[in-house]
Structures are given as C-alpha cells and as structure tokens.
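Novice: I need the structure of the sequence given here:
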Amino acid sequence: MAGNWQAVKYCKSMREFLTIWMDFPSSTVVENETASMSNSFNDISELFFKQTLCDVAFHFSNGKTIGAHVLILSAGSPVFASMFQSKSGRESQARKVTIEDIGRKVFRQFLIYLYTGKAPKLERESMTQSLYEAAEKYKVLSLQRECVQALLQRRLKIENAIDLLIWSHSKAIDKLLEIVMKFVTDNFRELCYKSEWLEVIKNHPELCLLVNQRVAGPAPITIE
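Specialist: Below is the predicted model:
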C-alpha cells in the first residue's frame, strides 16, 4: 500500500511543520473492483441460466415455463416492479404469470437482457421487432433503443421495406420511419405494384398519403 500514498508538506513558518499523507487508489485497485463487479453480474445471470432459486414462473401457451427472480425483474422494469409490489395483484400472490402475447423464445431473450444487459439474438431479423415490442410493453427503454439501432443498421430490401414502413409508423419511431420512408419513395415505382402495398392503401390511408406526398415532392406555392 505504501506505493499508493503521497506526502504533501505545508509550512507557514520555520516553527510550524505539517505532513499530510493522502491515499490515491492505484489502477490495480480499480481493475480489481471492476472484475469483482463483473463476477457478481455473472453469478446473478447464472441463477437464471441454471434456473436456480427462482421465485416467479412465466407460463406459455405451449405448456413450457421459464423461471426468474422478482428482485432482478423489478429492478429492470417498472412494469414488473408495479406488478410484484401490488399486494392485491394475482401475479404478486401466486408468483405465476401467463404470457399470451409474446413467444417463449422472444421472452427468454428479453429476460436475458434484464439479467446481463445483452440479448444475444437481438440482431436476428425475426427477433428485433418482437423484442422491441416486449421492451415497449415492460418499459425497458435501453432495450428499445438497442432494437431501433439494430434496425437502423440493417440493410433495407424491397422484401422488407413495406413491413418496416408500417411497423415504424405504428410505433412512432421517427428516426427509423424517416430512413424507411426515403427507401420506399426512392423505390416507389417497384413497391407500388406489390400486393403488400394494397394493405397500405386499404388499412393505413394516412401512411399512404404521407408516402404519396413525399413522392410528389413539395406542395406547389399558390399566389393569391
């Protein structure tokens, strides 16, 4: 420890002399603390992966379950916190929650994110939008941002453009919508002949109008 101390001398006169020893933490101490925290997170995530000491069970339509820990879920999601703190809530009493609107594979990735801060399959094309919707439902904003970022980095194609256009508009994800909108308008001649575009016309008239206006360009200036 001696190498972590520094002497500072202060002298007002020849008769007054004071030595102050100050401790400056070394980089080794900081690195050790970081490693210790990392190990703690790994230990916590292992409880989930090994399904150890779980105090809540999520039930799915296929009859399978996933166990988890109320404390971790409550810390990661205000929706879970409210759910399990409610003394009169059915989920709080039984510690059994039925999930009907999210698939088991997606929900497992969502739980992994709450334990580790990462969802290994987040960038898979079949996973990202569903994970966003799970994060939206349980108000996990950091996961929502990561899903949007993954979608922004994904290569837009003719095959997925209309689906992403409808989805980003319905979720009001402006940044993603703007990028998809540009792609759609740039490729409108090809896209407007696809059967999927008929869905936009029939079921999303407001969105269809936005695209048409973007294709047409700025409104003409009328001089009265």
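
Novice: can you give me the strands in the protein?
Specialist: Secondary structure of the chain by DSSP state E: the strands cover 5-13, 16-23, 56-59, 65-68, 96-98.

Novice: quick one: buried residues of the last one?
Specialist: Buried residues in strand 96-98, counting neighbours by 16 or more other C-beta atoms under 10 Å, are found at residue 97. Every residue, glycine included, has its C-beta placed from N, CA and C.

Novice: if we look at it, which residues are touching it?
Specialist: 56, 57, 58, 59, 60, 83, 91 (C-beta atoms under 8 Å, 6 or more residues apart in numbering).

Novice: Partner strands of that strand, with direction?
Specialist: The pairing partners recorded for strand 96-98 under DSSP bridges are strand 56-59 (parallel).

Novice: Now for the most centrally placed residue in the chain: which residues touch it?
Specialist: Compute the mean C-alpha point of the chain, and by C-alpha atoms, centre = their mean the closest residue is residue 143, 0.4 Å away. If you count contacts by C-beta under 8 Å, 6+ apart, residue 143 has them with 110, 113, 119, 131, 132, 134, 135.

Novice: what about the nearest residue to the first one once chain neighbours are set aside, neighbour count?
Specialist: Leaving aside its sequence neighbours, residue 110 sits nearest to residue 134 (C-beta to C-beta, 6 or more residues apart in numbering; 4.4 Å). As a burial measure, residue 134 scores 24 neighbours (other C-beta atoms under 10 Å).

Novice: Quick check: residue 134 touching residue 104?
Specialist: No. With contact defined as C-beta atoms under 8 Å, residue 134 does not reach residue 104; the gap is 11.5 Å.

Novice: and residue 184, what is it in contact with?
Specialist: By C-beta under 8 Å, 6+ apart, the contact set of residue 184 is 161, 162, 165, 191, 211.

Novice: swap that for residue 49, sorry
Specialist: Remark: with contacts taken as C-beta under 8 Å, 6+ apart, residue 49 is in contact with nothing.

Novice: again with the one 5 residues further on
Specialist: Applying C-beta under 8 Å, 6+ apart to residue 54 gives the contacts 47, 48, 67, 68, 69.

Novice: Please apply the same query to residue 190.
Specialist: Applying C-beta under 8 Å, 6+ apart as the definition, the contact partners of residue 190 turn out to be residue 158.
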